[in-house]
Structures are given as C-alpha cells and as structure tokens.
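Novice: How does the following fold in three dimensions:
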Amino acid sequence: MLVVAKLSADHGALMDPAASVWQPIKSTALALEATPTGTQPTPYTRTSWKDRKIGAVPGVGVQAAHDGESIFVRLEWVDANENRSVEDNNVFPDGAAIVFPVKETAPIDTMGSETEPVNAWQWQANSERGRSVVAHGVGSTEPSTEAVDVAAVRSGDHWQVIISRKLAGADGSVSLNPGGASRFGVAVWEGGNGERAGFKGYTAKWTDIRLADA
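Specialist: Okay, here's the model as predicted:
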C-alpha cells in the first residue's frame, strides 16, 4: 500500500523534483518487467522485437502527495543514457507514465479491456507537456482533454520526474478523492533502447494506494 501524503506545500514546490518537500516522503521501490511481445497489436512489431531486450530500466522509485486539489507523483530511476529526441529511427525520447484503472477490475497487462478502461498520464523527455490517455486494451489509446502537468530534471545518471493532475477526472478518466483508495501502475521507456509505444518496462501488477485526508 502506497500512502499519498496530504501536504500544504506550494504547488510550485510540489512540481519541483529536487525540492526539499519530497525528502520526508517515503519512496516505494517498484520492479519493472518487460512488456510481452505477444501482446503487441501487429505481426510486424511482434516479429521485429522477438529477440530484442525489452524493458531496459529494471525498477523505479515512487513518491506521491496531494494538496486536496491535485495529486503529484514523483518518479526516479537510473538511466545512464539521456535521450530527448528521435535519432535514426532507433533512438527515441525517454518517457514514463502512471496508470490507473477507471474500473477497479481493469487489467494492467493489456492496458484495460473493452469494458474496463485504464487512464494513463504520460511524460516524454522531448516535451514540456504531459498528456492523459484512456485505453480499452493494447493499441486502443485515445487522448483525453484534461491537463497533465509534468516536470523533469537529471541528477547524475538519474531521471527525476513529477507527473501531476487534478484529483477530479474528466472525459472518461479516473477520479481520486482525499481519504479514498485506488490502484496504480508505472511504465518507463528507455529511448536509447529503441523503446516506444507498447515496448517498455512496466509494473505487471497493480499497487494499492490510499490518499491521506489529513
């Protein structure tokens, strides 16, 4: 169970991955696994990645807080190669996402299902803007109109990333409440390994979370 701490800190401080406000908050280590090639939507992608390593980043540290209006999730992981752009069609921007089930029983390994969608909030190293998508299965992601705030810094060979959104969801996405509970997962793309779209490291199981109300 990951507890999302209730803080009265300034929004700007919570959006700063290096701010001291994050130091007292416990970091939860989550292991990442390779997405199975068999779940990819086309024969070409399944064949082209058949003998390649997927999921170059083995794990990520997660901290979370909310201020009663927005949730802030801080991710940190080791990545010796900083990739911010597409190069020669085999190097892509590094990226990360946090995923929530819109319906509690939604599967994480297939990015939801036709009747049980998931909501992902995404960051990419080549953009200062985050985005929210809703998925009803592999290859079915559709953008949501809601705003996602992101911030990222490099510290040595680490990425430190903040992904934030209002607690109240819109456009078919997840809604969260102080005192309430949910589940979430994490995905990380190592662009230097050619990872993009469905090829990434991800948490193969949901992690339970609870939002503190005081």
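Novice: Next, name the residue at the spatial heart of this structure.
Specialist: residue 97 (1.8 Å; Cα atoms, centre = their mean).
Novice: For residue 200, see how far away it is.
Specialist: Distance of residue 97 to residue 200, computed by Cβ to Cβ, to the nearest Å: 8 Å. Heads up, the C-betas are built off the backbone N, CA and C, glycines and all.
Novice: Going by residue numbers, what spans are strands in the chain?
Specialist: Counting by DSSP state E, one finds strands in the chain at the ranges 2-6, 28-31, 33-34, 59-66, 70-78, 95-101, 118-124, 131-135, 142-143, 149-155, 158-166, 181-189, 201-202, 207-211.
Novice: Rounded mean pLDDT for the first one, please.
Specialist: It refers to strand 2-6. Mean per-residue pLDDT for strand 2-6: 96.
Novice: Low-confidence regions, this structure specifically.
Specialist: 38-51, 214 (pLDDT under 70).
Novice: who touches the closest residue to residue 77 other than its chain neighbours in this structure?
Specialist: Nearest residue to residue 77, sequence neighbours excluded (Cβ to Cβ, 6 or more residues apart in numbering): residue 60, at 4.4 Å. Neighbouring residues of residue 60 by Cβ atoms under 8 Å, 6 or more residues apart in numbering: 29-30, 32, 75-77, 96, 186, 188.
Novice: Next, work out how far apart residue 60 and residue 97 are.
Specialist: 11 Å.
Novice: And residue 18, by the same measure?
Specialist: 21 Å.
Novice: and what of residue 182?
Specialist: Residue 182 is 16 Å from residue 97, by Cβ to Cβ.
Novice: Same question for residue 159.
Specialist: 13 Å.
Novice: Also residue 74?
Specialist: 14 Å.
Novice: out of the contacts of residue 60, who's nearest residue 148?
Specialist: Taking Cβ to Cβ as the measure, residue 148 lies nearest residue 96 of the contacts of residue 60, at 11.8 Å.
Novice: Compute the number of surrounding residues for that closest one.
Specialist: Residues near residue 96, counting by other Cβ atoms under 10 Å, number 27.
Novice: Distance-wise, check it relative to residue 79.
Specialist: 10 Å.
Novice: Kindly report the same for residue 101.
Specialist: 27 Å.
Novice: Repeat that for residue 154.
Specialist: 9 Å.
Novice: who has more neighbours, the two?
Specialist: residue 79 (20 against 14).
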